[in-house]
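Trainee: A structural model of the following input is requested.
(one chain, ligands or ions: 1)
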Amino acid sequence: MRLNIEALNDAKELSGLENTVIEISHVSKQFGGFKAVDDANFGIRQGEFFSMLGPSGCGKTTTLRMIAGFEQPTSGEVRLDGKDVSKVPPYKRNVNTVFQNYALFPHMTVFDNIAFGPRSTKAPKGEIAGRVKEMLEIVHLADFAERRPTQLSGGQQQRVALARALVNYPSALLLDEPLGALDLKLRQTMQLELKRIQREVGITFVFVTHDQEEALTMSDRIAVMNAGRVEQIGTPEEIYHQPATVFVAGFIGVANLIPAAVVAVTGDLATVDAAGHRFGVPVTDESIKPADSAVVMVRPERLHISLDRPTGDLAAVEATVEELVFQGPVLRASLRTAAGTELVAHIGPEDALPMLRPGDRLWASWVLDAACLLRSVDTTAETALVS
Ligand code: ATP
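Mentor: I've put the predicted structure just below:
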């Protein structure tokens, strides 16, 4: 069931915007002398599940609040459906926000909670009943229409809040850590449920979270923010496999970060000296030049462990086993190179080496395109591993 999407798309084509619903154009937000958001510049497309991800205090909520209209940018422009909304108050913007505490009306039934928005727009009675029923079906609560919020579980209340926010067909739904109040199991169920609802209604969701797993599970694209700046925007796969910065590499999953000196750059392959070895690394950052300091990033599951030096077109470093921890699906091996760099390898059941013990010397290798070369930043080269 898709809601009025044809009509929405027609409107976009008419305005010549194609499929961008929200434009954040060189937006900064200053609180006193503190820059909470620094030159954010990106667009969010019609029908996509877009997440803003980053550590506490990085500016995600402030960006969301500027889209909703609860904060004004200090500079730059927020455009909704192609129009500058700097003078438009929150209640007149065609977006709706779902907060962590749901904010349901306790004295009203589920039906009346969801009907509240359409009733206040004075929509015809029959149309309101039809829309509420449609929403109840989408959020799988058709049998709960006459209950009050106190007679519902946390997950059910969350779904009522969603239905209430979606029933007026907003251009976008803004969600600020909406799963934060739920326990882990329910949270994981609701992640999939939210994604299903979003796909079904086809409305743009803008989701704020500090939980990288949550963002990877649900998003079509993710903006990773750090200290007020957007460091990278991409699909979950792009962000995981080709992080643009050392911060992004470390914030999403576990990353081995090996300090390296660039020896040469030929086309899109750099030759580097790292951990006492020389090998090739694909390079996408055109600003990286010979003699630069850089960081080789390779994920733990891409490391292959062998007792003998591997042959063939591989990058390989020699290391000593420091610790082995059985983690169920993988054996987590902590290794240290002679240069002192700590590495982590996730060894799957097929790769498990017999008789591996702390103190053993071995080789960690990877196919060249499993790694990427990142510009080094002052402190991170010291910290070889970020998890
Ligand atoms: P969290 O995950 O903890 O909610 P966040 O990434 O959403 O973090 P924001 O709430 O956007 O972060 O806050 C960004 C920074 O701006 C923080 O350092 C915060 O203290 C500051 N800040 C936010 N609102 C205000 C305000 N009204 N006045 C002063 N500083 C503020």
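Trainee: C-alpha only now, for contacts and for neighbours.
Mentor: Fine.
Trainee: Could I get the buried residue list for the one helix or strand Gly117 maps to?
Mentor: With elements taken from DSSP states H and E, the one containing Gly117 is helix 110-120. Within helix 110-120, the residues scored as buried using 16 or more other CA atoms under 10 Å are Val110, Phe111, Asp112, Asn113, Ile114, Ala115, Phe116, Gly117, Pro118.
Trainee: measure Lys195 to Gly155 for me?
Mentor: Distance from Lys195 to Gly155, counting by CA to CA, to the nearest Å: 14 Å.
Trainee: and what of Gln46?
Mentor: When CA to CA is the yardstick, Gln46 and Gly155 sit 27 Å from each other.
Trainee: More neighbours: which of the two?
Mentor: In terms of neighbours (other CA atoms under 10 Å), Gln46 is the more surrounded of Gln46 and Gly155; the figures are 22 against 18.
Trainee: pretty sure the more buried one is touching Val201, no?
Mentor: No - Gln46 is beyond contact range of Val201, at 11.6 Å (criterion: CA atoms under 8 Å).
Trainee: about what we covered before: buried set for the very next helix or strand once past the helix holding Gly117?
Mentor: The first helix or strand that comes after helix 110-120 along the chain, using DSSP H and E, is helix 125-138. By neighbour count with 16+ other CA under 10 Å, helix 125-138 contains the buried residues Ile128, Ala129, Arg131, Val132, Lys133, Glu134, Met135, Leu136, Ile138.
Trainee: quick one: which two of the buried residues of helix 110-120 are the most distant?
Mentor: Using CA to CA, the two most remote members of the buried residues of helix 110-120 are Val110 and Pro118, lying 14.0 Å apart.
Trainee: List the residues that contact the one residue in the stretch 201-350 of the chain that gets nearest to the ligand.
Mentor: Nearest residue of the stretch 201-350 of the chain to the ligand: His210, at 5.8 Å (CA to the nearest ligand atom). With contacts taken as CA atoms under 8 Å, 6 or more residues apart in numbering, His210 has the following neighbours: Leu53, Gly54, Pro55, Ser56.
Trainee: and the ligand, which of those residues contact it?
Mentor: Among the contacts of His210, the ones lying close to the ligand by the criterion of CA under 6 Å from any ligand atom are Ser56.
Trainee: Which residues of the stretch 151-300 of the chain lie near the ligand?
Mentor: Along the stretch 151-300 of the chain, the residues adjacent to the ligand under the rule CA under 6 Å from any ligand atom are His210.
Trainee: Per the annotation, how does this structure divide into domains?
Mentor: Described in terms of automatic domain parsing, the domain architecture of the chain consists of the residue ranges 5-241, 257-381.
Trainee: Export these as JSON lines, with columns for mean pLDDT.
Mentor: Written out in JSON lines, the entries for these read as follows (pLDDT from 0 to 100):
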{"stretch": "domain 5-241", "mean pLDDT": "89"}
{"stretch": "domain 257-381", "mean pLDDT": "90"}
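Trainee: Tabulate those (JSON lines), appending distance to Gly250.
Mentor: Rendered in JSON lines, the data for the domains of the chain read as follows (distance: least, CA to CA, whole Å):
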{"stretch": "domain 5-241", "distance to Gly250": "10"}
{"stretch": "domain 257-381", "distance to Gly250": "8"}
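Trainee: Out of those domains, which is closest to Phe251?
Mentor: In terms of CA to CA, the element of these nearest to Phe251 is domain 5-241, at 7.4 Å.
Trainee: before we move on, back to that, any of the contacts of His210 buried? List them.
Mentor: In those, burial by neighbour count holds for Leu53, Gly54, Pro55, counting by 16+ other CA under 10 Å.
Trainee: can you list those in a markdown table and add distance to Ala261 and secondary structure?
Mentor: Output for those, formatted as a markdown table (distance: CA to CA, whole Å; DSSP: H, G, I helix; E, B strand; the rest coil):
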| residue | distance to Ala261 | secondary structure |
| --- | --- | --- |
| Leu53 | 31 | strand |
| Gly54 | 29 | coil |
| Pro55 | 30 | coil |
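Trainee: Would you reformat the residues you listed as a markdown table and include distance to Asp268?
Mentor: Compiled in a markdown table, the buried ones among the contacts of His210 are given as follows (distance: CA to CA, whole Å):
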| residue | distance to Asp268 |
| --- | --- |
| Leu53 | 29 |
| Gly54 | 30 |
| Pro55 | 32 |
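Trainee: Which residues lie in contact with the nearest residue to Arg131 once chain neighbours are set aside in this structure?
Mentor: Distances taken as CA to CA, 6 or more residues apart in numbering place Val167 nearest to Arg131, at 6.6 Å, with adjacent residues excluded. When contacts are counted by CA under 8 Å, 6+ apart, Val167 is found next to Ile114, Ala115, Gly117, Pro118, Arg131, Val132, Met135.
Trainee: Go again with 10 Å.
Mentor: For Val167, the set of contacting residues under the criterion of CA atoms under 10 Å, 6 or more residues apart in numbering consists of 3, 96, 114-118, 128, 131-136.
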